[in-house]
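turn this into a model:
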Amino acid sequence: MRFAGGLTAVLFGTAIITVQVQIATALKPTEVSPIAQKITVRIDGAGTGSGVIIERQGNTNTYTILTNWHVVKEPGSYTVHTPDGKQYTFKHSQARQLSKDVDLAVFQFTSNQNYQVAEKGSSEQVTPGTTIHVAGYPQGSSNISFLSGQISSLEQNPKNGYAFIYTVNPLPGMSGGPILDEEGKLVGIHGRVRTRPDTNATTVYGIPLKTYLSLAPSVKPSAITSPPVNVAAKFSLVETLTGHSTKVIPLSYLGGRFSFGGEPESYIKAQVNSVAISPDGKTLASGSYDNTIKIWNLATGEQIRILKGHYYSVNSVAFSLDGKTLASGSEDNTIKIWNLITGQEISTLKGHSDPVYSVAFSPDGRTLASGSSDNSIKIWNLITGQEISTLKGHSDPVYSVAFSPDGKTLASGSQDKTIKIWNLTTGQVIRTLKGRSTAVNSVAISPDGKTLASGSDDNTIKIWNLTTGQEIRALKGHSYGGKSVAFSPDGRTLASGGLDATIKIWNLSTGQEISTLKSHSAPVNSVAFSPDGKTLASGSWDATIKIWRLSE
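Residues are numbered from 1 along each chain as shown. Coordinates of the predicted model:
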């Protein structure tokens with residue numbers, strides 16, 4: 001049986017050979033059918049049809065559905081029925097046709113549920129005689145239909161993108177459903193049946209996946225969801241959360257050195273090292289030098305609970321995609337996994353020999369990455385709590401780690417002044433990004449997986465092409481080093497927290513600074529956007545968490 005895509009990303013060494021051999025083996029239709037059920041949705045409304053869960057945006061639960069344009073082209077409201085029976089609504093205006101010459105469209109919905117995303121195959125390898133499977137929801141039915149057949153021919157001059165012709169007899173309502181290969185990978189979208197009036201012979205057509213891939217970059221996710229965040233709008237301070245310490249010593253930056261008024265320990269116990277916002281946008285987590293994690297109601301600013309278990313500073317916190325668990329990395333060399341419903345510790349992951357500076361969940365929620373002062377990155381199996389592998393290559397502490405949206409690569413920033421991009425299937429470094437003159441404090445990958453941002457002690461925020469490794473631009477504005485960076489959910493803006501006690505909001509299309517947020521009295525260690533991009537949280541050495549919201 002073929003391993004699921006998320007699992008292959010965490011196997012290393014000799015296990016890779018086993019996975020590669022099994023992937024080359026065709027699955028039985030009974031093995032492909034469950035895959036189809038998990039990635040196919042039903043669409044009802046002004047038009048009816050099916051769709052495929054094709055992408056998940058960044059570390060949020062915003063999903064992109066690929067379907068036929070003719071399914072959603074009629075004005076009106078639509079309902080998406082997901083595999084778990086839940087319903088999400090969208091309007092015709094929120095769908096976007098990929099090209100006026102191609103019968104493909106995309107739209108998005110946001111959910112706190114974790115849905116499987118279709119694993120993309122190679123439509124270029126689909127030739128006459130290739131076995132394929134088509135899935136979709138027949139009109140008027142809530143039961144998915146799964147059909148198998150073969151590619152009979154390829155259209156050399158396809159109309160509206162329909163290049164596949166195959167021997168399947170689908171029912172109305174299955175338009176927009178997936179065409180899967182023998183490995184259960186998506187290779188096309190089903191969409192058209194033509195009947196000759198003289199012979200009643202039918203011809204069934206589909207659009208190859210490569211057509212979607214060639215057009216997808218031109219479709220902005222922000223244009224599909226609710227109205228995009230206005231990049232010219234300003235964030236305003238709405239609340240200051242305190243509670244990690246009762247005593248704060250004023251901090252000033254003097255002659256290139258930090259002064260703590262003669263009482264460094266009293267001050268250090270107060271600092272907020274990390275903030276994170278839950279996928280549903282309702283909860284905030286903060287990790288502090290006082291060894292605790294606090295969980296807050298983001299709407300009211302009230303403290304929900306305090307998580308205790310680490311015996312040294314909590315350096316990093318991260319929510320799972322379903323928002324039910326939290327990971328924390330600490331100065332005590334451990335990582336703890338917490339049940340946020342009960343507030344109980346689920347497990348403690350031990351393996352690092354020095355403090356853990358950064359933790360990040362994989363997009364499928366099965367694995368966790370951690371960066372440490374021991375110069376290594378560890379990948380953990382969250383089901384078993386066992387260490388899967390250790391990635392070695394940095395020569396100094398690893399301050400930050402970030403998964404790509406597809407979970408196949410990992411970025412890491414280090415005190416050794418480099419950023420490394422890792423292939424998680426092989427455990428090898430794909431490339432090393434150089435160009436920083438000082439330590440790299442923070443890395444973040446854009447929701448579309450194409451861009452990387454990094455913050456460094458050299459006072460600049462750098463934007464990189466993740467595919468080529470080339471520097472796109474340097475954002476200059478902080479008077480002292482960039483401590484933290486975060487992409488907005490629509491990928492159009494970046495927030496950066498600096499040692500200069502400010503937060504800067506950047507327009508990524510122009511590289512221009514939109515605004516500077518001033519309220520913290522000390523370096524900003526961490527920044528995090530809410531899933532809708534309208535709220536920003538920041539944690540600082542001044543022992544406070546600031547909540548900022550976009551002005552309407």
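
tell me the helices and strands packed up against the helix or strand encompassing residue 274.
For residue 274, the element it lies in under DSSP states H and E is strand 272-277. With contacts taken as 3 or more CB pairs under 8 Å, 6 or more residues apart in numbering; DSSP states H and E, strand 272-277 sits against strand 283-288, strand 314-319, strand 524-529, strand 535-540. Bear in mind the C-beta positions are built from the backbone N, C-alpha and C, glycine included.

out of those, nearest to residue 498?
strand 524-529 (6.0 Å; CB to CB).

so what strands line up beside that closest one?
strand 535-540 (antiparallel) (DSSP bridges).

got the angle between the partner strand and strand 272-277?
Angle of strand 535-540 versus strand 272-277, following axes from the mean of the first three to the mean of the last three CA atoms, to 10 degrees, is 170 degrees.

any idea which helix or strand comes after strand 535-540?
Scanning onward from strand 535-540 (DSSP H and E), the first element met is strand 545-550.

just how off-centre is that following strand within its chain?
Remark: strand 545-550 is offset 22 Å from the chain centroid, using CA atoms, centre = their mean, to the nearest Å.

for that strand, packing partners?
Right, strand 545-550 is packed against strand 235-241, strand 283-288, strand 535-540 by 3+ CB pairs under 8 Å, 6+ apart.

and for the last one, what's in contact with it?
Meaning strand 535-540. When contacts are defined by CB atoms under 8 Å, 6 or more residues apart in numbering, strand 535-540 is touched by residues 235, 271-275, 277, 281, 284, 286, 298, 495, 497, 501, 503, 517, 520-530, 545-550.

need the buried ones from these selected in ChimeraX.
To isolate the buried members of the contacts of strand 535-540 in ChimeraX, using 16 or more other CB atoms under 10 Å:
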select :235,271,272,273,274,275,277,281,284,286,298,495,497,501,503,517,520,522,523,524,525,526,527,528,529,530,545,546,547,548,549,550
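
how about the strands in the stretch 201-350 of the chain?
Listed in chain order, the strands of the stretch 201-350 of the chain (DSSP state E, counting those that start in this stretch) span 202-208, 235-241, 252-254, 257-259, 272-277, 283-288, 292-297, 303-308, 314-319, 325-330, 334-339, 344-350.

and of those strands, who's closest to residue 473?
strand 235-241 (22.0 Å).

direction included, what does the closest one pair up with?
strand 545-550 (antiparallel).

strands of the stretch 451-552 of the chain, start to end?
Going by DSSP E, counting those that start in this stretch, the stretch 451-552 of the chain shows strands at 451-456, 460-465, 471-476, 482-487, 493-498, 502-507, 512-518, 524-529, 535-540, 545-550.

including distance to residue 61 and mean pLDDT, could the helices and strands packed on strand 272-277 go into JSON lines?
JSON lines is the format used below for those (distance: least, CB to CB, whole Å; pLDDT from 0 to 100):
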{"stretch": "strand 283-288", "distance to residue 61": "14", "mean pLDDT": "97"}
{"stretch": "strand 314-319", "distance to residue 61": "11", "mean pLDDT": "97"}
{"stretch": "strand 524-529", "distance to residue 61": "14", "mean pLDDT": "96"}
{"stretch": "strand 535-540", "distance to residue 61": "16", "mean pLDDT": "96"}
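
would you list those in a markdown table and tack on distance to residue 145?
Compiled in a markdown table, the helices and strands packed on strand 272-277 are given as follows (distance: least, CB to CB, whole Å):
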| stretch | distance to residue 145 |
| --- | --- |
| strand 283-288 | 40 |
| strand 314-319 | 37 |
| strand 524-529 | 40 |
| strand 535-540 | 42 |
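
of all those, which lies closest to residue 491?
So among those, strand 524-529 is nearest, using CB to CB, at 10.7 Å.
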